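> Fold the following.
(3 chains)
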Amino acid sequence: MTMEEPDMQTLTPTTTNQGGVPAKATHGAAGSTDRPAGGLETRGLHAWFDRHHALQDVSLQFPENTITGLIGPSGCGKSTFLRLLNRMHEFIPKAAMAGEVLFEGNDIYAPGVNPIEIRRRIGMVFQKPNPFPAMNIGENVTAGLKLARVKVDNKQELVEECLTRAGLWKEVKDRLKAPAGSLSGGQQQRLCIARSLALRPDVLLLDEPCSALDPGSTLRVEETIIQLSETMTIVIVTHNMQQAARVSDYCAFFLSEGGPGHLVEADLTTNMFSNPRDSRTADYVQGRFG
Amino acid sequence: MSTAESLEPRHITVRRPVVDRVFRTVISSGALLSLVVLALIAGFLLYRGLEIFRDFGFGFITGEKWDIGNPEDTSTAVLGIGAMLVGSVLTAFIAVVIALPFAMAAALFIEYYSPRRLRTVLTSVLDFAAAIPSVIYGIWGYAVLLPLVESWSKGIERNLDFIPFIDVPSEIFGRSPFLAGLLLSLMILPIITSVAREVYGQAPRDLVDASYALGSTKWGAIRNVVLPFGRSGLVGGTMLGLGRALGETVAVYLTLNLVFDVNFRILASAGGNVASLIATKFGEATPYELKGLMAAGLVLFAVTLAVNLLATVVVNRSRRVA
Amino acid sequence: MTAVVAVPVAPTRPWQRRRAALARNGALVAGAAVMSWLVNARTDLSGFLGHWLAFSLAMPVLALLSSVRSGRNVATDSFSAALVTVASLAAAVPLFSIARTVWQNGSKAFYSSYLTTDMRITSSSDPLNMGGVLHAVSGTLVMVALATIISVPLGVMSALYIVEMKGRFAGVVRFLTQAMSGVPSIVAGLFVYATVVIFFTGFSAWAGALAYVILMLPTVSRTSEEVLRLVPDELRAASYALGASQARTTFRVVLPTIASGLLTAAILGIARVAGETAPLILTASYFVATSTNLNEPMASLPIYIFSNLGLGDSNAITRAWGGSLVLLVLVLVLFVSARVLSARLRRKRL
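Just a heads-up that it's a prediction; the model follows:
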């Protein structure tokens, strides 16, 4: 049996992205305490779909203001893991879980926690770009605020700010009233990122955000992600090894091997690609399977 | 290697066996027969009713009176279905206005609020409600709903008689357009609900997820994604219900007083619809009056067919989008 | 390698707080019940409907008030949830009332030979221990059987035309069949009256059955079409690959596979017409005795109900309720058998 040791795989933050986060103060509208926002950690996380055990015992830390790539072949549970991080998992009928997800030190699955608040602070971007088709570009950016019934005084500024951070402003500033469906796939995906940013989340989860995009759009989205990581914690699921190498500071490798998906190893991305501890990781990152 | 000069697909000729040719002919004629029936109905009603349209012209549609005069002399007859058409439209309109919000609620409840195990049960109950014969709705409406509506009407009229269509100067309530409309609303509720349920259930999952990921509540996701997505399907389902309400006979016959005056006072005991006119009059109709009923039937046929064709188009389009 | 001790981890659903939800909903219901009682005691409202109305209005209001401190968003959410629930329940109330009244009033008409006698020697106002519905039941069954024999082959043919043959007019046939399902039943009756009744048979079972056919055909053909589409193309390909003709493939492979589906189509068509009253008034009319003569008027359950209701006598009205009960049970039986059959078809993974 190849069971993983149940000890915690801890990612120790090194030198990336320290200091230089003045934006934190301005953007932490929800949690403007002294404690750094955006710390995320899982402890012994499991997931089930009905009786099917999909994910087994994952313990991981996501340091603030870094990008962590979740890699592994399809069906290894990495998307499931991602959906557990902002309580999207529970929308799947018959889904269940065990373990803890600590957001800024508190378990988001504890009784009394408002999942809506969690989802607002931990944003998510999906595999397929899914802007709201009935809304125009500008309305899409503020859709989250509308859904949350949050009043903003300077809507125009907010739209501009979010679209700028998502790297889309220059392309759409003259046609904010155009329907979202008129954008290209890559632009739509960046619009979805902007839509998440409008809620000023501390964490952004991206589920294979580029798998439906062409290479040019992919590069634009990747640039956007790297810029965003200066002010927020980012977790990105990807199939693409080059993408993981390009954008992520850390990598976590998942594998299912016929049983439930589990974490094989997690480390700095450079280590994972140059000097992996596990032979399966080496095989995968060098494209020998998956 | 063949050169790329003008490559054309070869035409394949199919020579079907005799048995297949017979088979296909039989099937085709069977299928076309149902079209022939439809055409026959329209054609025959038109043929029989033509004389009436010639005699009364547009007045047949707008006229309120239905009087055969001297049975021996057709020129003394005055036939018009204006009052009946108004009654048909008024009762059907009341039915849709009442049924629509409840149908939307029931569809949302089944798809998004009820426990999963209850869902199949509720869907079955809904489908069964659509299969309950209209004569049973009618007898129930007459025995149970009529006394209730009569007392409600009195109360409503007493308090709101400054509104023109609520005021009832005759103070005779009971078998009113409101009662018939309310009963019809119960009959079309399952139809609208079942179409609404289907389209709401097909709302794109990724947009619902996107709403949730933005911190939306369930209601937020429904209002933002499900309702806009289901709008055209709901319109189609409502029109199917409208078609059913326009053509209903027995339930209206039992719950609405047949009076040949245009009546917009929804609580007053007077009205009628085209279908119940036909059911009431055909028994002792003179040949000329029968032609009038055919013409009335043709008008009803045309109206419901138009409503249903439109509904079919709208529902199909909303399915295709999904 | 250290020995791995597999600690059993149980799946949980921390988002389902059953007990908390139960307590909250229980409190809401109790609160709304109290409010409804208070309102009914103070105002003109009374009875089941009065309480129901007050309760239905109180529920969403209480839901709103109880969650208002969690913010406007959550409050709107729970208000809407309560409103949707209450409105759906309200939509179900008439159904229960119909079932209850039909049962209560209808069972009064029943006595030992209600189902085995007819009204040949009994008048509608006679005491309730005489006469029965045999003629109506048998008439309905005869006419429905006749209509089924005619409309099922026709309906299946048009479905075959659309799905198997993919004929040139498939789209038109499909569209117009769907539109035909909206033809008001009285118009179908009027058409048969003006053609068959007046010129050929007079009021007769034949005429009634023909009116049924017009109404059944769209249901039968649409359902068979849906079932035919479930047959995988590999099945047809396999048959053609063995050199079978299209006719043989259809009769030996396709139709047997979906036999229970076609039965469902027939039953749904029957359920569609079994309760129809309007067309029968103009075609089959009514006859007090059990009869099998297709060229004469024939009784049916809906007309039995309708004509007894028209008499106004209290015994006649009770008979109308008795007929309603029989009719409702008949439709229920048809409905349940259609459900069971289509569930069986689905289990075959078709």
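> my read: residue C:253 touches residue C:239, true?
Yes: at 4.6 Å, residue C:253 and residue C:239 qualify as touching, with contact defined as C-beta atoms under 8 Å. The C-beta positions use only the backbone N, C-alpha and C, and glycine is treated the same way.
> Can you give me every residue that contacts the residue lying closest to residue B:95 once chain neighbours are set aside?
Across the structure, with C-beta to C-beta, 6 or more residues apart in numbering or on different chains as the measure, the residue nearest residue B:95 apart from its sequence neighbours is residue B:184 (3.6 Å). Applying C-beta atoms under 8 Å, 6 or more residues apart in numbering or on different chains to residue B:184 gives the contacts B:91-92, B:94-95, B:245, B:248, B:251-252.
> mind running it again at 6 Å?
B:91, B:95, B:245 (C-beta atoms under 6 Å, 6 or more residues apart in numbering or on different chains).
> repeat for residue C:278
Residues counted as contacts of residue C:278 (C-beta under 6 Å, 6+ apart) are B:249-250, B:279, C:185-186, C:189.
> let's see 10 Å
B:134-135, B:247-253, B:275-276, B:278-279, C:184-190, C:211, C:302, C:306 (C-beta atoms under 10 Å, 6 or more residues apart in numbering or on different chains).
> what does residue A:179 give?
Residues counted as contacts of residue A:179 (C-beta under 10 Å, 6+ apart) are A:131-137, A:139-140.
> and the gap between it and residue A:272?
For residue A:179, the distance to residue A:272 under the criterion C-beta to C-beta, to the nearest Å works out to 42 Å.
> got the contact list for the residue of the stretch 1-150 of chain B found nearest chain C?
Proximity of the stretch 1-150 of chain B to chain C (C-beta to the nearest C-beta) peaks at residue B:133, 2.2 Å away. Residue B:133 makes contact with B:139, B:250-251, C:271-277, C:301-302, C:305, C:324, C:327-328, C:330-331, according to C-beta under 10 Å, 6+ apart.
> Ok, residue C:36 next?
Contacts here follow C-beta under 10 Å, 6+ apart; on that basis residue C:36 touches C:45, C:50-59.
> Least confident of the contacts of residue A:179?
Sorting these by confidence puts residue A:134 at the bottom, with a pLDDT of 84.
> Number of residues surrounding it?
The burial count assigned to residue A:134 is 16, neighbours taken as other C-beta atoms under 10 Å in any protein chain shown.
> do residue C:232 as well
Using other C-beta under 10 Å as the criterion, residue C:232 is surrounded by 11 other residues.
> surely it meets residue C:239?
No: contact between residue C:232 and residue C:239 fails when scored by C-beta atoms under 10 Å: they sit 11.6 Å apart.
> so who does the closest residue to chain B within chain A touch?
Each residue of chain A has a distance to chain B, by C-beta to the nearest C-beta, and the smallest belongs to residue A:120, at 3.2 Å. Contact partners of residue A:120, counting by C-beta under 10 Å, 6+ apart, are A:30, A:86, A:114, A:144-145, A:147-148, A:150, A:196, A:199-202, B:213-216.
> Can you narrow the residues you listed down to the ones near chain C?
A:114, A:147-148, A:150, B:215-216 (C-beta under 10 Å from any C-beta of the partner chain).
> just the residues you listed now: which is nearest residue B:208?
Distance from residue B:208 was checked for each of the ones next to chain C among the contacts of residue A:120 by C-beta to C-beta. The minimum falls on residue B:216, at 8.9 Å.
> If you drop the residues flanking it in sequence, what lies closest to the closest one?
Nearest residue to residue B:216 in three dimensions, chain neighbours excluded: residue A:147, at 4.0 Å (C-beta to C-beta, 6+ apart).
> Number of residues surrounding residue A:39?
Using other C-beta under 10 Å, residue A:39 has 18 neighbouring residues.
> typed the wrong thing, it's residue B:96
A count of neighbours around residue B:96, defined by other C-beta under 10 Å, yields 20.
> Now do the buried residues in the helix or strand hosting residue A:191.
Assessed by DSSP states H and E, residue A:191 sits inside helix A:185-197. Within helix A:185-197, the residues that count as buried by 16 or more other C-beta atoms under 10 Å in any protein chain shown are A:186-197.
> from these, which are also near chain B?
Restricting the buried residues of helix A:185-197 to those touching chain B (C-beta under 10 Å from any C-beta) yields A:192, A:195-196.
> just so I have it, where are all the strands in the chain?
Picked chain A for this. For chain A, the strands identified by DSSP state E occupy A:40-49, A:52-62, A:67-71, A:95-103, A:106-107, A:122-125, A:203-207, A:233-237, A:250-255, A:262-268, in order along the chain.
> Turn the ones you listed into a markdown table, including mean neighbour count.
Conversion of these to a markdown table gives the following (neighbours: other C-beta atoms under 10 Å in any protein chain shown):
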| stretch | mean neighbour count |
| --- | --- |
| strand A:40-49 | 20 |
| strand A:52-62 | 21 |
| strand A:67-71 | 27 |
| strand A:95-103 | 21 |
| strand A:106-107 | 14 |
| strand A:122-125 | 26 |
| strand A:203-207 | 25 |
| strand A:233-237 | 26 |
| strand A:250-255 | 26 |
| strand A:262-268 | 21 |
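> before we move on, the earlier item: just checking, which of the contacts of residue B:133 belong to helices?
Where the contacts of residue B:133 overlap with helices, as defined by DSSP state H, the overlap consists of B:139, B:250-251, C:271-274, C:301-302, C:305, C:324, C:327-328, C:330-331.
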